[in-house]
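Undergrad: Below: sequence and its predicted model.
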Amino acid sequence: MATHTTRMLIIGSGPAGLTAAIYGARAGMEPIVVQGLQPGGQLTITTDVENYPGFRDVIQGPWLMEEMQAQAEHVGTRMLWDTIVEVDLSGPMFRAIGDGGDVYEGETLVIATGAQAKWLHVPGEQELSGKGVSACATCDGFFYRGKKVVVIGGGNTAVEEALYLTNHSEDVTLIHRRDSLRSEKILQDRLMANPRISVLWNKRVERFVAHPEAGDLRALELIDTETGEKSEFETEGAFVAIGHAPSTELFKGKLEMDSSGYLIVEPGTPRTAIPGVFACGDVMDHTYRQAVTAAGVGCMAALDAERYLAEKAFAEKVTEAAE
Ligand code: NDP
């Protein structure tokens, strides 16, 4: 069991964590990134990426993350693979413990543990992921231009995704398991007023059905939640929008969270209530959730961490001089 010490400890290796690392390393903080169970984060389970600035051609999510990691390492980041099972934020050094007992200590801590889209966990969903089934309309909607698509869910995310998809498709169906939506009234009004959107009420998705030859999504098997009646609904694209779960289990009781478990930061900053502890990316942002916004806040976390260390060093000098 080893102890790894750094000026900047980063938990999570998606765009937020790796951007914090790139900035932190260039500022001489010799960061350590502890990669979690999904090194590279959510982008490693997507395919085509067309909205990350700087690339005129379509790039692949896993490739982008490999490049980001290589860039972080190139400027001096140490990447370590471990699963953090416990954190101690009492300071002055912030501590994270890996499942094998290794200890990671940081003078500053950047939390970039991300979030996971919730899935329905029904047959065909995993197999057809990236072949007609997606959990992100903003990322993948463009690829369904002119096609018949569905969105599954009844919250703000589902309604926003359905509205967004009308930019690409004239035939969008929202499928919800109840007869009323959970989303805000203004979004519901927009949804109902949009001629490109229909709503299928009281339907639960039982199975995603593949095209026998092409192998991509052909239809959904539905069950009526009131009558139990089964039906099939043909579609070329299905967006599962039943919410996201931030990876914040480790910080329960230690950092403030909202009712959905997202870390609360000082508005417009990545600063948590504990000085020296920062949060960036999807773990603190349930609104934008884009690779580029996560990277942006990761940069802000590194700049704030640098400032925090400089102020701490200055305060220590002043105290020493006074003694
Ligand atoms: P929500 O938890 O609000 O909604 C999830 C929806 O998915 C619900 O309608 C729920 O159905 C449905 N659902 C959940 N599990 C299943 C399942 N297994 N099968 C079928 N349907 C299921 O999640 P959102 O992602 O929509 O929103 C999360 C948070 O983010 C909210 O606080 C929301 O307000 C916020 N948000 C805000 C936005 C904004 O302000 N512009 C944009 C997006 C999100 P049921 O209703 O029956 O429970």
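TA: That came through, no problem.
Undergrad: I figured residue 182 hits residue 154, correct?
TA: Yes - with contacts defined as C-beta atoms under 8 Å, residue 182 counts as touching residue 154 at a distance of 5.1 Å. Heads up, the C-betas are built off the backbone N, CA and C, glycines and all.
Undergrad: which parts of the stretch 1-150 of the chain sit against the ligand?
TA: residue 120 (C-beta under 6 Å from any ligand atom).
Undergrad: could you redo the last one with a cut-off of 8 Å?
TA: 118, 120, 121 (C-beta under 8 Å from any ligand atom).
Undergrad: do the stretch 151-300 of the chain as well
TA: 152-160, 176-178, 180-184, 187, 204-205, 241-244, 258-260, 286-287.
Undergrad: change it to 5 Å
TA: 153, 154, 155, 156, 157, 177, 178, 182, 242, 243, 286 (C-beta under 5 Å from any ligand atom).
Undergrad: possible to save those residues as TSV with pLDDT, neighbour count and distance to residue 214?
TA: Listed next are those as TSV, based on pLDDT from 0 to 100; neighbours: other C-beta atoms under 10 Å; distance: C-beta to C-beta, whole Å:
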residue	pLDDT	neighbour count	distance to residue 214
153	98	24	26
154	97	23	30
155	93	17	31
156	88	18	33
157	86	27	29
177	98	17	29
178	98	13	33
182	94	15	35
242	96	19	26
243	88	17	30
286	89	17	35
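Undergrad: Export the residues you listed to CSV and append columns for secondary structure.
TA: Formatted as CSV, those follow (DSSP: H, G, I helix; E, B strand; the rest coil):
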residue, secondary structure
153, coil
154, coil
155, coil
156, helix
157, helix
177, coil
178, coil
182, coil
242, coil
243, coil
286, coil
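Undergrad: which of the residues you listed lies closest to residue 64?
TA: Nearest to residue 64 among those: residue 286, at 22.4 Å, using C-beta to C-beta.
Undergrad: ok, that closest one - contacts?
TA: 115, 244, 246, 260, 262 (C-beta atoms under 8 Å, 6 or more residues apart in numbering).
Undergrad: Flag whichever of those residues scores worst on pLDDT.
TA: pLDDT across these is lowest for residue 244, at 86.
Undergrad: got a winner among the contacts of residue 286 for most neighbours?
TA: Taking other C-beta atoms under 10 Å as the neighbour criterion, residue 115 ranks highest of those with 25 neighbours.
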